[in-house]
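Asker: Predicted model, plus sequence, below.
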Amino acid sequence: MARKKIPNHFAAYAWFAEAGWVFAMHSVQLWADPARASARLAVLGAEKQKAFAEGAMKASTAALSGARPEAIAKAAMASARRRVRANARKIQKG
């Protein structure tokens with residue numbers, strides 16, 4: 001009998017916490033340097049748009065290939081998760 005895979009629900013909450021932390025740190029940076037805030041907001045917006053478009057394409061590909069719903073959701077969020085992790089590392093470095 002195969003073992004049933006138990007989902008790790010904490011991983012999703014940890015990612016949401018990390019995304020919230022990145023958002024808060026970006027907000028502090030924008031507040032600290034209002035002269036460059038407009039340009040920085042444009043970059044951040046374009047970054048999100050690119051990540052979500054990439055996720056939509058990967059989710060569509062997964063759905064059309066007959067993947068399970070969990071795999072489709074994972075494909076949709078993969079690029080956004082990568083961006084959040086990259087931003088967190090960049091902010092932590094300074």
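Answerer: Noted; the coordinates are in hand. If you're wondering where the values come from, they're calculated on a predicted model, not measured in any experiment.
Asker: need the helix or strand of this structure with the lowest average pLDDT.
Answerer: Lowest on mean pLDDT, DSSP states H and E among the helices and strands of the chain sits helix 9-32, with a mean of 86.
Asker: What average pLDDT does the following helix or strand past that helix get?
Answerer: For helix 9-32, the following helix or strand on the C-terminal side (DSSP states H and E) is helix 37-64. Mean pLDDT, helix 37-64: 94.
Asker: Flag every buried residue along helix 37-64.
Answerer: Judged by neighbour count using 16 or more other Cβ atoms under 10 Å, the buried positions of helix 37-64 are A51, E54, G55, K58, A59, A62. From N, CA and C alone the C-beta is placed, and that goes for glycine too.
Asker: Report all helices and strands that it contacts.
Answerer: helix 9-32, helix 69-93 (3 or more Cβ pairs under 8 Å, 6 or more residues apart in numbering; DSSP states H and E).
Asker: Most tightly packed of these?
Answerer: The highest average neighbour count among those, using mean count of other Cβ atoms under 10 Å, belongs to helix 69-93 at a mean of 15.
Asker: okay, the angle between that helix and helix 9-32?
Answerer: Taking axes from the mean of the first three to the mean of the last three Cα atoms, to 10 degrees, one finds helix 69-93 and helix 9-32 inclined to each other by 40 degrees.
Asker: Mind giving me the packing neighbours of helix 69-93?
Answerer: In this structure, helix 69-93 packs against helix 9-32, helix 37-64, with contacts taken as 3+ Cβ pairs under 8 Å, 6+ apart.
Asker: before we move on, the earlier item: same list (the buried residues of helix 37-64) but as a markdown table, adding distance to A42.
Answerer: A markdown table is the format used below for the buried residues of helix 37-64 (distance: Cβ to Cβ, whole Å):
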| residue | distance to A42 |
| --- | --- |
| A51 | 15 |
| E54 | 19 |
| G55 | 21 |
| K58 | 25 |
| A59 | 26 |
| A62 | 31 |
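Asker: out of the residues you listed, who's nearest I91?
Answerer: Using Cβ to Cβ, the shortest approach to I91 within these belongs to A51, at 16.6 Å.
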